[in-house]
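> Return a 3D structure for these sequence lines:
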Amino acid sequence: MMQTTKQSSKLLKLIILALLGTISLVLFFFNFPLPFLPPYLKIDFSEVPALMAALIFSPVAGIIVVAVKNILYLMVSGAGDPIGVTANFLAGIMFVVPVAILYHKFKGVKSIVSGLVTGTIIMALGMSVLNYFFILPAYAWFMGWEMSEQVKWISVIAGVLPFNIIKGIVVGLLFIPLFVKMRTWIEQKQAKVA
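Presented below is the predicted three-dimensional model:
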């Protein structure tokens, strides 16, 4: 009986993660550019289901949801942009994991807020470094563009850095009231999974 319960709770976890990954993909399509930033940088709320998974289960569950979203997106979009998808996956991990780690360590709304702030900073700085050294050069190579150091520098300072800070703040402002409303439900799910 114990074995069956364990298997059914594992199956339930997989179903929840697959569902959250799918919801994340749907939210990914509802994106919008910011008026003063490059149009290819779009804000979306697809990290919200990954945050939910990371809080209910573990940081790894959050990573799985981010991965499911990006794999589904590659399948749906016909893999037109593997560099962008890789960048989105890495940004998602940098944002979601710090929130999950702080929440599981300290519980409560304060840990969510400090996690979102930490995640935003890590994502903004991490994506700036990755864009400068890897992502922008990969795009340049892929598209056959010449990209000078100055262009990379401006792209990071005027595009990537402010975009990720704003994205972290916007997603955080949406997620905090959502978490407050769903906190009891999340804690019940945690108890069931434990």
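> Please make it C-alpha for all contacts and neighbour counts, starting now.
OK.
> Could I get the average pLDDT for the helix or strand hosting Thr5?
Assigned by DSSP states H and E, Thr5 belongs to helix 2-29. Averaged across helix 2-29, the pLDDT comes to 87.
> for stretch 125-143, same thing?
94.
> Repeat that for stretch 187-194.
Stretch 187-194 comes out at a mean pLDDT of 74.
> what's near enough to touch Phe30?
If you count contacts by Cα atoms under 8 Å, 6 or more residues apart in numbering, Phe30 has them with 44-45.
> Please shift the residue numbers so they start at 6 in all later answers.
Yes, from this point I'll number from 6; that puts the last item at Phe35.
> so where do the helices sit in the protein?
Secondary structure of the chain, counting by DSSP state H: helices at 7-34, 52-61, 64-82, 87-111, 114-135, 141-148, 154-160, 166-198.
> want to try JSON lines for those, with mean neighbour count and distance to Tyr45 as columns?
Formatted as JSON lines, those follow (neighbours: other Cα atoms under 10 Å; distance: least, Cα to Cα, whole Å):
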{"stretch": "helix 7-34", "mean neighbour count": "16", "distance to Tyr45": "13"}
{"stretch": "helix 52-61", "mean neighbour count": "27", "distance to Tyr45": "18"}
{"stretch": "helix 64-82", "mean neighbour count": "21", "distance to Tyr45": "16"}
{"stretch": "helix 87-111", "mean neighbour count": "20", "distance to Tyr45": "10"}
{"stretch": "helix 114-135", "mean neighbour count": "21", "distance to Tyr45": "15"}
{"stretch": "helix 141-148", "mean neighbour count": "15", "distance to Tyr45": "12"}
{"stretch": "helix 154-160", "mean neighbour count": "14", "distance to Tyr45": "12"}
{"stretch": "helix 166-198", "mean neighbour count": "16", "distance to Tyr45": "11"}
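> Reformat these as a markdown table; add distance to Phe41.
Output for those, formatted as a markdown table (distance: least, Cα to Cα, whole Å):
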| stretch | distance to Phe41 |
| --- | --- |
| helix 7-34 | 21 |
| helix 52-61 | 23 |
| helix 64-82 | 26 |
| helix 87-111 | 20 |
| helix 114-135 | 17 |
| helix 141-148 | 20 |
| helix 154-160 | 13 |
| helix 166-198 | 10 |
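> Enumerate every residue touching Ala66.
22, 55, 58-59.
> Go again with 6 Å.
If you count contacts by Cα atoms under 6 Å, 6 or more residues apart in numbering, Ala66 has them with 58-59.
> now Pro54
Pro54 neighbours (Cα under 6 Å, 6+ apart): 25, 29.
> can you list contacts of stretch 168-187?
Outside stretch 168-187, the residues that reach it (Cα under 6 Å, 6+ apart) are 48, 125, 129.
> Would you mind putting these into TSV with distance to Ala72 alongside?
Shown next, in TSV, are the contacts of stretch 168-187 (distance: Cα to Cα, whole Å):
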residue	distance to Ala72
Ile48	18
Thr125	19
Ala129	20
